[in-house]
Structures are given as structure tokens and as C-alpha cells.
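A.B. asks: Sequence first, predicted coordinates after that:
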Amino acid sequence: MLAKHQKQLNDRLAGIEAKIDGLAARLDASQPDATNVTTELAEARNESLEGRREVIQRLTHVQDILQLLYDREPEMRERLRALRNQAKYQRAFAESEPLVSVVIPTYDRGELLLNRAIPSVFAQSYKNVEIVVVGDSAPDDTGRWIAELNDPRIIYRNLSYRGPYPLDSRDLWHVAGIPPRNLGMTLARGSWIAPLDDDDAFHQHHVANLLEMAKRGQHEVAYGVLRCLMNDGSEFPLGRYPPEIGHFGWQSAVFHAGLRFFEMELADALFFSPADWSLCRRMLRAGVRFGMLNELVTDHYESRFAPSFDQNDE
């Protein structure tokens with residue numbers, strides 16, 4: 001369908017541009033009706049611009065349809081309704097101290113994982129936590145270092161291969177870490193899940209405050225504000241309500257474990273969409289209940305893979 005639309009519109013544009021070329025040739029030949037040719041040339045150029053706008057609008061419309069089919073919105077809404085009718089759904093809100101699973105994908109930043117991310121979880125004021133670390137075909141050192149911690153609260157798995165990821169660096173940034181993150185969600189035993197990157201750090205009351213807010217407000221996702229620490233030494237807060245692209249990060253959130261059927265997708269790179277935002281967008285459109293705590297909850301360090309980024313971008 002997309003190819004058919006594109007061919008029809010491209011054929012139309014080719015005809016308009018051929019008309020422009022002919023008019024321009026007449027004008028260059030300095031024919032007596034140069035004024036009329038100039039007027040016709042301007043009209044043809046306007047027609048070409050309108051044609052290009054139509055191409056963009058139609059292709060955008062087709063992409064939106066493909067996105068809707070890819071997202072499976074009706075199915076996800078039905079699954080969310082079914083989840084809310086299960087007894088274990090309400091238990092997550094009713095338990096006094098439910099287990100919270102912190103899921104951390106990792107690749108080649110074992111030292112930051114061991115010296116920053118994991119210590120920030122163990123320093124939480126809320127103590128009923130487990131840590132699920134999944135390697136994206138991580139080096140053997142990572143598993144050995146975790147084993148040396150000898151802590152039963154840590155689960156470690158390592159994927160046998162990495163990705164597969166796109167070759168383009170920006171597309172890679174959009175979807176890096178998806179397979180280990182999705183596996184971590186399935187391994188999590190908690191009633192709530194708190195995502196964390198291997199180079200980031202929770203603030204001391206991250207889990208306690210977000211969990212309390214989620215339970216009090218019956219929010220299925222509770223999130224706070226990220227403190228973004230950039231490679232140039234600058235920092236700024238990131239977080240808006242309701243969530244917006246570029247102003248939301250899962251590292252600042254806890255969410256109901258029953259939502260794990262919403263997975264991140266490698267194919268988000270085909271839609272030029274960051275997978276973390278795509279997951280948030282799909283949850284919002286399905287009707288997942290979000291709540292925001294307006295305080296800093298996580299330190300987020302700029303990734304070496306991230307594109308240039310302006311906190312003022314809309």
C-alpha cells in the first residue's frame with residue numbers, strides 16, 4: 001500500500017517538475033511572452049510545493065496507520081482491562097511492603113554497574129528489593145564481579161549474543177538494551193518493577209516515595225524527575241506531566257509488574273522512535289494510569305551513544 005501511494009505521488013511530482021523544466025527553458029530562450037512564462041513558472045512551482053506537501057501528508061498518514069497496526073492498540077487495551085480484573089492486580093496496591101524488582105540491562109560498563117547503579121539500589125530507604133541484571137552478551141568479568149558480591153538479592157543472566165541492532169548509530173541509540181531489558185522484566189519476581197540503567201543511580205528514597213505515591217493514587221506507573229548530568233559538566237531536571245517525548249525517562253519510574261506484557265521493540269528503530277518513549281506512548285494510548293512526583297528521584301548520566309540534546313527542545 002505504501003509503495004503504491006508513493007509511486008502515484010512520485011509520478012505526479014515528476015509531471016509537475018517536467019512542466020517546470022519546460023517553462024524554465026522557454027524563459028531562458030527569451031521568448032516574447034516572457035512575462036506570461038514567468039507567471040506560469042511561479043504557478044507551476046506553487047503546484048509542485050503543494051504536491052510535495054501532499055506526498056508528505058499521505059506518507060505520514062500511511063505511517064500512522066502502520067504504527068497503529070504495529071502497536072496493536074485494541075489488543076493492548078483489552079489485556080489491560082483483563083489485568084485489572086485479576087486478584088493479583090489489586091494485591092500489588094494492598095501489600096504493605098511489596099517486593100520491588102530493579103531491572104538493569106548491561107553491556108560493557110561493569111565497573112559503573114558495580115560502583116554506581118547497584119550500590120544506589122542497596123542504599124534505598126525501602127529495603128524489600130531485588131536486582132535483576134541481564135547482560136547484553138556482556139563480558140565474562142561482569143558475571144564474575146556479580147558472583148563475588150555473593151548477594152541473594154541479585155539475579156544475573158547473560159544473553160548469548162548482542163542485539164541484533166541496527167548499524168546506524170542514532171537508530172542504535174533508539175533501541176540499545178531492549179533484549180536484556182525485556183528478559184529482565186520476565187525474570188522479575190516483584191509486584192512492582194523499577195527500571196535502571198547500568199550507569200545511573202537512584203536517589204535514596206526513589207523506591208519508597210514512588211511506591212507510596214503509586215499505591216496511594218492507584219497509579220500503575222509512578223515517576224519523578226531525572227537529574228540529567230551531561231558530559232560537559234552541566235545538569236538539568238527532566239520530567240513533565242503528562243509524559244512527553246524528550247521529557248520522560250523510565251529510570252525515574254516504578255510500574256505495576258502486571259504491565260510487563262507491554263514490551264520494548266527493536267522495530268521502533270523503523271519508526272525513528274526511541275524505544276523507551278514508544279513504550280510510554282503505547283501505555284498512555286492503552287489507558288495505563290500515570291502519576292508524577294515532582295521531585296528528583298534519579299541521577300541520569302549522559303550516554304556516550306546519545307545524540308546532541310537540548311533540554312529546551314519541545
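C.D. replies: That came in fine, so what should we check first?
A.B. asks: mind listing the strands for the protein?
C.D. replies: Secondary structure of the chain (DSSP state E): strands at 100-106, 129-135, 154-158, 192-195, 201-202, 221-229, 235-238, 253-256, 290-301.
A.B. asks: Who are the packing partners of the third one?
C.D. replies: With contacts defined as 3 or more C-beta pairs under 8 Å, 6 or more residues apart in numbering; DSSP states H and E, strand 154-158 has these neighbours: strand 129-135, helix 140-149, helix 178-187. C-beta: built from backbone N, CA, C; applies to glycine.
A.B. asks: quick one on the thing from earlier: including mean pLDDT, distance to Leu83 and mean neighbour count, could the strands of the chain go into CSV?
C.D. replies: Listed next are the strands of the chain as CSV, based on pLDDT from 0 to 100; distance: least, C-beta to C-beta, whole Å; neighbours: other C-beta atoms under 10 Å:
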stretch, mean pLDDT, distance to Leu83, mean neighbour count
strand 100-106, 98, 17, 26
strand 129-135, 98, 21, 24
strand 154-158, 98, 24, 17
strand 192-195, 98, 14, 26
strand 201-202, 98, 26, 24
strand 221-229, 97, 13, 22
strand 235-238, 96, 29, 15
strand 253-256, 98, 8, 26
strand 290-301, 97, 16, 19
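A.B. asks: Quick one, which of these gets closest to Asp276.
C.D. replies: Using C-beta to C-beta as the measure, strand 192-195 is the one of the strands of the chain that comes nearest Asp276, at 8.4 Å.
A.B. asks: strands paired with the closest one, and their directions?
C.D. replies: Taking DSSP bridges as the criterion, strand 192-195 pairs within the sheet with strand 100-106 (parallel), strand 253-256 (antiparallel).
A.B. asks: which residues sit in contact with Asp200?
C.D. replies: By C-beta atoms under 8 Å, 6 or more residues apart in numbering, Asp200 lies in contact with 116-117, 120, 251, 298-301.
A.B. asks: From these, pick the one nearest Gln67.
C.D. replies: Nearest to Gln67 among the contacts of Asp200, with distances taken as C-beta to C-beta, is Gln251, at 25.1 Å.
A.B. asks: contacting residues for Asp199?
C.D. replies: By C-beta under 8 Å, 6+ apart, the contact list for Asp199 reads 109, 112-113, 116-117, 301, 303.
A.B. asks: Just name the closest of these to Tyr70, please.
C.D. replies: Distance to Tyr70 across those (C-beta to C-beta) is lowest for Ser303, with 25.7 Å.
A.B. asks: That closest one against Trp173, yeah?
C.D. replies: Yes. Using C-beta atoms under 8 Å, Ser303 makes contact with Trp173 at a distance of 7.2 Å.
A.B. asks: Which one of the two is surrounded by more residues?
C.D. replies: More crowded of Ser303 and Trp173, by other C-beta atoms under 10 Å: Trp173, with 18 against 15.
A.B. asks: Could you tell me what pLDDT the model assigned to the more buried one?
C.D. replies: What the model reports for Trp173 is a pLDDT of 88.
A.B. asks: need the strands of the chain in a markdown table with distance to Ile178, can you?
C.D. replies: Converted to a markdown table, these look like this (distance: least, C-beta to C-beta, whole Å):
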| stretch | distance to Ile178 |
| --- | --- |
| strand 100-106 | 8 |
| strand 129-135 | 11 |
| strand 154-158 | 15 |
| strand 192-195 | 12 |
| strand 201-202 | 21 |
| strand 221-229 | 19 |
| strand 235-238 | 21 |
| strand 253-256 | 17 |
| strand 290-301 | 18 |
